[in-house]
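J.: quick one, what's the 3D model for this:
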Amino acid sequence: MAYEIQEVHIRHCMLFEFRKGNNATVATKNISDVYPGLLDVRKCQRWFSKFRSGNFDLSDAHRPGRPMSLDNDVLRAEVEANPCQTIEELSNTLNQPWSTIQEHLHQKGKISRAGVWVPHNLSVQNKANRSTTCNALIQRHHAEPFLDRLVTGDEKWVLYDNPKRKRQWLSPNEPARSTAKPGLHPKKALLCVWWSIRGIVHFEVLIPGQTVNADLYCQQLDRVNQALVENYPAIVNRKGVILQHDNARPHCARRTLEKINELGWEVLPHPPYSLDIAPSDFHLFRSLQHFLSDKKFQTLYCLKNGISRYFNDKPIHFFRSGIESLPARWQKVVENEGDYIID
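T.: Residues are numbered from 1 along each chain as shown. Predicted structure coming up:
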């Protein structure tokens, strides 16, 4: 009860500061001078935004019924789009309690490091594995450069509706134009893509709700091989394909390993929890997410066309720079003693 009284009093103080014409920063300072530690600027900004809209109700908004469940793929997409977001910002964006966001992030192994969400809380063994693997890759690259043989592949959930939150310059009493929040279970499709130093080799967008299992992945690898034979026969026939992919279950299944052996490919060693040395994650998908921002696709056909247009518009040096940055990133992991690259 004491907390509730104190909270209501702070809200009255914020309303008083708002009516004096102060902005949220000044208001936070004035209130914190009297009640230290009870208010931060972001919270004050939210209340000031509410006041500007003409709503001066100081009680908590009523939320009837059970809270909706949180779609982990939506949360992952938000974090990947902007790893610098705080839990509070994610909570506001996804309309979920702070504790729910924190719990789901921890369940997915995410931790906050230097203000950025990283994929996993690496153990000593994880770091040693990353460092050893990257060092071996550096030595191999120096002895016999192989990046022109590399084909890298990965998957990414893509939303049909990608609203972009924009900052707005407003007069003191002008309400901000609202941006609709994405639903908790938005329509999405899985993008599967393989590319090399020469550009996109093959990509597929699965129908909504479809995911990748070992059988489908093997079929996809056959299609990737066919695309290589048709467009880059020298890699297949003379040099030999080196496949870089992560340790997702379909990628490591026995059936998949048999298929890779049947194709005569080699798999590049890739330590677990290592998105920072996976070219799709640190290079291609970041750029793709920027392209998707503020775009809305009505159908799967439109979504595929949009992604195809994005890939076709990218110059060859974009793909080359992504692959050729690998040795420097391997070196950085070694210098970090296996810890993540923060960029």
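J.: the stretch 101-250 of the chain: strands as residue ranges?
T.: For the stretch 101-250 of the chain, applying DSSP state E, counting those that start in this stretch gives strands covering 111-113, 116-118, 150-159, 188-196, 199-205, 242-244.
J.: which of those comes out lowest on mean pLDDT?
T.: When the strands of the stretch 101-250 of the chain are compared on mean pLDDT, strand 111-113 scores lowest, with a mean of 52.
J.: which SS state does Ala70 fall under?
T.: Check again: residue 70 is Leu, not Ala. coil (DSSP: H, G, I helix; E, B strand; the rest coil).
J.: ok so, going back, how about the strands of the stretch 101-250 of the chain in JSON lines, adding distance to Tyr310?
T.: (Each C-beta comes from the backbone N, C-alpha and C, glycine too.) As requested, those are arranged in JSON lines below (distance: least, Cβ to Cβ, whole Å):
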{"stretch": "strand 111-113", "distance to Tyr310": "30"}
{"stretch": "strand 116-118", "distance to Tyr310": "25"}
{"stretch": "strand 150-159", "distance to Tyr310": "11"}
{"stretch": "strand 188-196", "distance to Tyr310": "11"}
{"stretch": "strand 199-205", "distance to Tyr310": "10"}
{"stretch": "strand 242-244", "distance to Tyr310": "21"}
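J.: among those, which is nearest Ala143?
T.: strand 242-244 (14.4 Å; Cβ to Cβ).
J.: who does the closest one pair up with?
T.: Its sheet considered, strand 242-244 pairs with strand 150-159 (parallel), strand 266-267 (parallel) by DSSP bridges.
J.: out of those strands, which one sits most buried?
T.: strand 150-159 (a mean of 22; mean count of other Cβ atoms under 10 Å).
J.: what's the angle from that strand to strand 188-196?
T.: 160 degrees (axes from the mean of the first three to the mean of the last three Cα atoms, to 10 degrees).
J.: tell me the angle strand 150-159 makes with strand 199-205.
T.: 40 degrees.
J.: now the helices for the stretch 1-150 of the chain?
T.: 2-19, 24-34, 41-52, 72-81, 87-94, 98-107, 124-143 (DSSP state H, counting those that start in this stretch).
J.: including distance to Thr211, could these go into TSV?
T.: Compiled in TSV, these are given as follows (distance: least, Cβ to Cβ, whole Å):
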stretch	distance to Thr211
helix 2-19	44
helix 24-34	43
helix 41-52	36
helix 72-81	10
helix 87-94	22
helix 98-107	19
helix 124-143	26
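J.: and these: which comes nearest Ala189?
T.: helix 72-81 (10.8 Å).
J.: ok so, going back, any chance of a markdown table for the strands paired with strand 242-244, columns distance to Gly338?
T.: Putting these into a markdown table (distance: least, Cβ to Cβ, whole Å) gives the following:
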| stretch | distance to Gly338 |
| --- | --- |
| strand 150-159 | 21 |
| strand 266-267 | 21 |
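J.: compare those strands and give me the one nearest Leu326.
T.: strand 150-159 (8.0 Å).
J.: that older thread, what about the helices of the stretch 1-150 of the chain, which gets the closest to His202?
T.: Using Cβ to Cβ, those put helix 72-81 closest to His202, at 22.4 Å.
J.: the closest one - what's its average pLDDT?
T.: Per-residue scores along helix 72-81 average to 70.
J.: for Arg320, find the nearest of the strands paired with strand 242-244.
T.: Of the strands paired with strand 242-244, nearest to Arg320 by Cβ to Cβ is strand 150-159, at 11.2 Å.
J.: kindly export the closest one (C-alpha atoms) in CSV.
T.: Extracted C-alpha coordinates of strand 150-159, given in CSV (Å, rounded to 0.1, in the frame of the first residue of the first chain):
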residue,chain,number,x,y,z
LEU,A,150,32.7,-21.0,-49.3
VAL,A,151,28.9,-21.3,-49.5
THR,A,152,27.1,-20.0,-46.3
GLY,A,153,23.5,-20.7,-45.5
ASP,A,154,21.0,-19.7,-42.8
GLU,A,155,17.4,-19.1,-42.0
LYS,A,156,15.5,-16.0,-40.9
TRP,A,157,11.9,-15.3,-40.0
VAL,A,158,10.5,-12.5,-42.1
LEU,A,159,7.3,-10.6,-41.1
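J.: chain center to it: distance?
T.: 12 Å (Cα atoms, centre = their mean, to the nearest Å).
J.: output the helices of the stretch 1-150 of the chain as JSON lines; include the columns distance to Ser308 and mean neighbour count.
T.: Output for these, formatted as JSON lines (distance: least, Cβ to Cβ, whole Å; neighbours: other Cβ atoms under 10 Å):
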{"stretch": "helix 2-19", "distance to Ser308": "49", "mean neighbour count": "14"}
{"stretch": "helix 24-34", "distance to Ser308": "44", "mean neighbour count": "16"}
{"stretch": "helix 41-52", "distance to Ser308": "39", "mean neighbour count": "18"}
{"stretch": "helix 72-81", "distance to Ser308": "20", "mean neighbour count": "18"}
{"stretch": "helix 87-94", "distance to Ser308": "29", "mean neighbour count": "18"}
{"stretch": "helix 98-107", "distance to Ser308": "32", "mean neighbour count": "15"}
{"stretch": "helix 124-143", "distance to Ser308": "32", "mean neighbour count": "16"}
